[in-house]
Structure formats: structure tokens, C-alpha cells
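Q: can't give you the sequence, but here's the structure:
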């Protein structure tokens, strides 16, 4: 039996332009994403006067990608630390069981 996910459809405003977003995500989540992109585009526009819309969008995408990569790197570091600590704990447990 196949269950169909309900498609959400909302209209959002990003940097003065209306866009229709459709997806499986909760509409509140989709709106949050749109507001985040709008904020990033406004930040780029405010810090670099005179750029056209395409360049603002590309620089905002680069900034968002930078944040994503930083979070991914941080996550990988934490995964490595957790893996090492888990292995140490397993070794300690193994030793205590053998004694």
C-alpha cells in the first residue's frame, strides 16, 4: 500500500519577488527557509551596493553554502570524537568483562 505525502504549496516573498514553493515539507518550515534566503540576500545587498539581482542571489548562495560546509565540518569532527570515545568505552568494558 502506497501512502502519498501531502504536497504543500505556499507563496513566499524573497527579496521583493513572489515565488510559489511546493514540497513535502511543512509550510511553516518552507516559510522559514524562504525568510532565511531573503535575509541573506538583504545582507549581501546592504554590504555591496549596486549589484544586480543575479549577483546578489549568487553571493547569498555562496554565503549560505559556506555556512552549510562549516556545519558539516563541525558535525564530522563531532562524529569522529564520538567514535573515538565509543571505541575507548567499548575497550574498557571489554577489559572489565575479561577480568
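A: Perfect, I can see it now. If you're wondering where the values come from, they're calculated on a predicted model, not measured in any experiment.
Q: so what does the helix or strand hosting residue 74 touch, helix or strand wise?
A: For residue 74, the enclosing helix or strand under DSSP states H and E is helix 53-98. Counting contacts by 3 or more CB pairs under 8 Å, 6 or more residues apart in numbering; DSSP states H and E, helix 53-98 is packed against helix 27-47. From N, CA and C alone the C-beta is placed, and that goes for glycine too.
Q: got the angle for the helix it packs on vs helix 53-98?
A: 120 degrees (axes from the mean of the first three to the mean of the last three CA atoms, to 10 degrees).
Q: what comes up buried for helix 27-47?
A: For helix 27-47, burial by neighbour count (16 or more other CB atoms under 10 Å) applies to 30, 31, 34, 37, 38, 40, 41, 44, 45.
Q: just the residues contacting it, thanks.
A: 8, 10, 12-15, 19, 21, 23, 51, 56-57, 59-60, 63-64 (CB atoms under 8 Å, 6 or more residues apart in numbering).
Q: farthest-apart pair in the residues you listed, please.
A: Across those, no pair lies farther apart than 8 and 51, at 32.0 Å, counting by CB to CB.
Q: just the buried members of the contacts of helix 27-47?
A: By 16+ other CB under 10 Å, the contacts of helix 27-47 give 8, 12, 14, 15, 21, 56, 57, 59, 60 as buried.
Q: closest to residue 83 out of the residues you listed?
A: Looking across the buried ones among the contacts of helix 27-47 and measuring by CB to CB, the closest to residue 83 is residue 60, at 34.7 Å.
Q: do you know how far the closest one is from residue 24?
A: Relative to residue 24, residue 60 is positioned 24 Å away (criterion: CB to CB, to the nearest Å).
Q: what of residue 13?
A: Where residue 24 is concerned, residue 13 sits at a distance of 22 Å (CB to CB).
Q: just residue 38 next, same as before
A: 22 Å.
Q: please apply the same query to residue 43.
A: Here the criterion is CB to CB. By it, residue 43 lies 29 Å from residue 24.
Q: show me where this protein dips below the pLDDT cut-off.
A: Scanning the chain for pLDDT under 70 picks out 1-4.
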